[in-house]
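Chemist: the following comprises the amino acid sequence and a computationally predicted model.
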Amino acid sequence: MSIPSINTGNTKLDHMLAEWFRLDKNEKTIAETKALLEKNDIRELESRFLVRMEFGTAGLRARMAAGYACMNDLTIIQSGQGLLKYLESTVPNLRTAGFVVGYDARHNSRRFAELTASIFLHADVPVYMFRQISPTPFVPYAVLRYKCACGVMVTASHNPKEDNGYKVYWGNGSQIISPHDKGISQNIDKHLDPFPTSWDTSPVSDNSPLLKEPFDDVMDAYFKDMDATLCTDKEACARTSIKFTYTAMHGVGYEFSLKSAHTFGLSTMIPVVEQVQPDPDFPTVKFPNPEEGKSALELAIKTANANESTVILANDPDADRLAVAEKKPDGAWKVFTGNELGALFGWYSWYAYRKTHPDVNADNVYMLASTVSSKIIAAIARKEGFHFEETLTGFKWMGNRSDELLRAGKTVLFAFEEAIGFMCGVKVLDKDGVSALGVIIEMASILKEQGFTLQQKLEDIYMTYGLHISRNSYFLCYDPHVIQALFDRLRNYGGANQYPTQCGPFQIKSIRDLTTGFDNSRPDNKAVLPSSKSSQMITFSFTNGCIATMRTSGTEPKIKYYTELCGEPGKGREELQNELNQLVASIVEHFYEPEKNGITPQAD
């Protein structure tokens, strides 16, 4: 292949482009790069070729396009090679333990999975590769079932259609954390030149003897485990009068969530016909993310209304998240937040466990949540006697901590994050929207017989354990310099290294900065949770009891905020909600400064 003349005026960029043309063999991404050169689009070239994708809260995730900052054949090959070399150096039994690969229904997902599998097969590593689209939870489940060294799921979850991703699970079935993420990244950098065989996917197409198809076995075993560990009342589900509407959001979920419903005893769900078949272009939604609320559930609400259905269940495209909505008596729809669902799942996990284990000591039982999620589980734990633990944001932290607790002989019932991610049980040490769907069906069916809707039970939980009012949202920001300046200003608000002491009329009691490791609520001013300079995250604890966290997203151009105000059992909702609304308005005005910074709020 002829390398075009390169003279961008940036010596480093010229070098990186020359390297790209030397290494890439994909005609489409070669042509794309040439076109950018011909247009002399230096800014776009710099954004793609001067930085490399890094492992974030959900592994690698980026736009599919040419360049080292994007998902494409070459960066997938480089990632696979680095992962292989790291595993060879750290897992002595790699060639007997094996490796798992799965993929979702996005553009190029199967191609990226086949490239990854082939790299391992060429290295004589047995590969369990799902040969059809599968939900993300199947990969960590398979890693544990087959005692594999590692697993990769090719997915960008709920991101826009232009994106894809590469999610890595360690041998404990949890997403990788340090030192593995750093070790893999270092090995990627050491092995950027494709191996002689890395572009050759014939081991997959020719069915190498080292290639195993786990789909049927995992499909059978996963749902048998669900039946054995999570189902407690199939009869209630079988006789319920509730009609459930289901959407897969154009993703992989329908086949698996329908099987989940059947496993729990429910005979059928009403499908949102336009959205239950996989379609990588997500044609009926602006964002394939059920977390966006009513705007993402318009077709589901229309379908439910037409079928006299009162509960909507929605998976995101790779079926590791679950959204839930319930019809109110006045005909309007209540879309539950992740924190509200966390309260329901947490309560029900304890209720179901106590029903089946009435005499077990609660002191051995644990639930977990991320630090930006509601503290409602902590309130339930204080009253009921089990343990609650808080982790950093991201299920990789909750999964790995759950693994540690299990190895110590503890019982882990449930973990959740406010971004509608739920881990019911421990057969999958990651968020799992397929099993969570079955659990919410059983929960709603039992509550119906007890005279409760999901909304009524949620209010009952808050009356019992204390109101926890949350308000979470985000601002879109595409300029990293603006993000850095915004957080630097907060760290030097009242002078050099002086954080704010108030936000408008609201006094701040303490501040924890997990970017720098600072926490002035501690005697030594050092945070207990691990800190990381690679992301921004500051938590403000106010004197009125509100906790507010500002952080950058690891997968999207967002500056998020999470706020929660907790009240004593019996305290009124309206008073708390008004106070929280005023505080959020102050945070937006004084800390975000959207007009000055040119950042855009979440659309209604």
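Modeler: Good, I have the coordinates.
Chemist: quick check: Ala66 is in a strand.
Modeler: No. Looking at Ala66 with DSSP: H, G, I helix; E, B strand; the rest coil, it is coil, so not inside a strand.
Chemist: residue contacts, it?
Modeler: Listed by C-beta atoms under 8 Å, 6 or more residues apart in numbering, the contact set of Ala66 reads Trp20, Asp24, Thr29, Ile30, Glu32, Thr33, Leu36, Arg48, Asn72. C-beta here means a position set from N, CA and C on the backbone, and glycine is covered the same way.
Chemist: could you count how many residues lie near the nearest residue to Phe487 once chain neighbours are set aside?
Modeler: Nearest non-adjacent residue to Phe487, counting by C-beta to C-beta, 6 or more residues apart in numbering: Gln536, 4.6 Å away. Using other C-beta atoms under 10 Å, Gln536 is surrounded by 22 other residues.
Chemist: so Gln536 touches Arg489, yeah?
Modeler: No. Using C-beta atoms under 8 Å, Gln536 is not in contact with Arg489, being 11.7 Å away.
Chemist: quick one: mean pLDDT for stretch 316-326?
Modeler: The pLDDT scores in stretch 316-326 average 98.
Chemist: one more: stretch 521-533?
Modeler: pLDDT averaged over stretch 521-533 gives 92.
Chemist: now stretch 221-241
Modeler: On average, stretch 221-241 scores 98.
Chemist: so how far is the first residue of it from its last?
Modeler: In stretch 221-241, first residue to last residue: 29 Å (C-alpha to C-alpha, to the nearest Å).
Chemist: chain center to it: distance?
Modeler: With C-alpha atoms, centre = their mean, to the nearest Å as the basis, stretch 221-241 stands 25 Å off its chain's centre.
Chemist: got the contact list for that stretch?
Modeler: Contacts for stretch 221-241 (C-beta under 8 Å, 6+ apart): 137-138, 141, 145, 259-261, 263-267, 352, 355-356, 424-425, 427, 435, 438-439, 441-442, 444-446, 448-449.
Chemist: immediately after the strand or helix carrying Leu37, which helix or strand?
Modeler: Assessed by DSSP states H and E, Leu37 sits inside helix 27-38. The element immediately downstream of helix 27-38 (helix or strand, assigned by DSSP H and E) is helix 42-49.
Chemist: list the buried residues of that following helix.
Modeler: Using 16 or more other C-beta atoms under 10 Å as the test for burial, helix 42-49 gives Leu45, Glu46, Arg48, Phe49.
Chemist: any chance of those residues in CSV with distance to Asp513 as columns?
Modeler: Converted to CSV, the buried residues of helix 42-49 look like this (distance: C-beta to C-beta, whole Å):
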residue, distance to Asp513
Leu45, 35
Glu46, 30
Arg48, 31
Phe49, 33
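Chemist: would you reformat the residues you listed as JSON lines and include pLDDT and distance to Glu389?
Modeler: Converted to JSON lines, the buried residues of helix 42-49 look like this (pLDDT from 0 to 100; distance: C-beta to C-beta, whole Å):
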{"residue": "Leu45", "pLDDT": "97", "distance to Glu389": "46"}
{"residue": "Glu46", "pLDDT": "96", "distance to Glu389": "43"}
{"residue": "Arg48", "pLDDT": "97", "distance to Glu389": "40"}
{"residue": "Phe49", "pLDDT": "97", "distance to Glu389": "42"}
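Chemist: got the contact list for Asn525?
Modeler: With C-beta under 8 Å, 6+ apart, Asn525 has these contacts: Phe518, Asp519.
Chemist: any idea how far Asn10 lies from His481?
Modeler: As judged by C-beta to C-beta, to the nearest Å, Asn10 and His481 stand 18 Å apart.
Chemist: those two: which has the busier surroundings?
Modeler: Neighbour count, other C-beta under 10 Å: between Asn10 and His481, Asn10 has more, with 15 against 8.
Chemist: where exactly do the strands run in the stretch 451-600 of the chain?
Modeler: With DSSP state E, counting those that start in this stretch as the criterion, the stretch 451-600 of the chain has strands at 468-476, 502-503, 506-513, 518-519, 537-542, 547-552, 558-566, 600-601.
Chemist: for Pro317, find the nearest of those strands.
Modeler: Closest approach to Pro317 among the strands of the stretch 451-600 of the chain is made by strand 558-566 (18.4 Å; C-beta to C-beta).
Chemist: so which elements touch that closest one?
Modeler: With contacts taken as 3 or more C-beta pairs under 8 Å, 6 or more residues apart in numbering; DSSP states H and E, strand 558-566 sits against strand 468-476, strand 547-552, helix 573-587.
Chemist: hmm, back to that, and the pLDDT for the residue nearest to Phe487?
Modeler: Gln536 is assigned a predicted lDDT (pLDDT) of 95.
Chemist: how much space between it and Glu575?
Modeler: With C-beta to C-beta as the criterion, Gln536 and Glu575 are 32 Å apart.
Chemist: circling back: ranking the helices and strands packed on strand 558-566 by burial, who's on top?
Modeler: strand 547-552 (a mean of 23; mean count of other C-beta atoms under 10 Å).
Chemist: off-centre distance for it?
Modeler: Remark: strand 547-552 is offset 17 Å from the chain centroid, using C-alpha atoms, centre = their mean.
Chemist: neighbouring strands - and their directions - for that strand?
Modeler: strand 537-542 (antiparallel), strand 558-566 (antiparallel) (DSSP bridges).
Chemist: and that strand, average pLDDT?
Modeler: 96.
Chemist: which residues in the stretch 401-550 of the chain form helices?
Modeler: 433-449, 454-465, 480-491 (DSSP state H, counting those that start in this stretch).
Chemist: next, the angle from the second one to helix 573-587.
Modeler: With axes from the mean of the first three to the mean of the last three C-alpha atoms, to 10 degrees defining the directions, helix 454-465 sits at 90 degrees from helix 573-587.
Chemist: list the buried ones in helix 454-465?
Modeler: Residues of helix 454-465 classed as buried: Leu454, Gln455, Lys457, Leu458, Ile461, Tyr462, Tyr465 (neighbour count, 16+ other C-beta under 10 Å).
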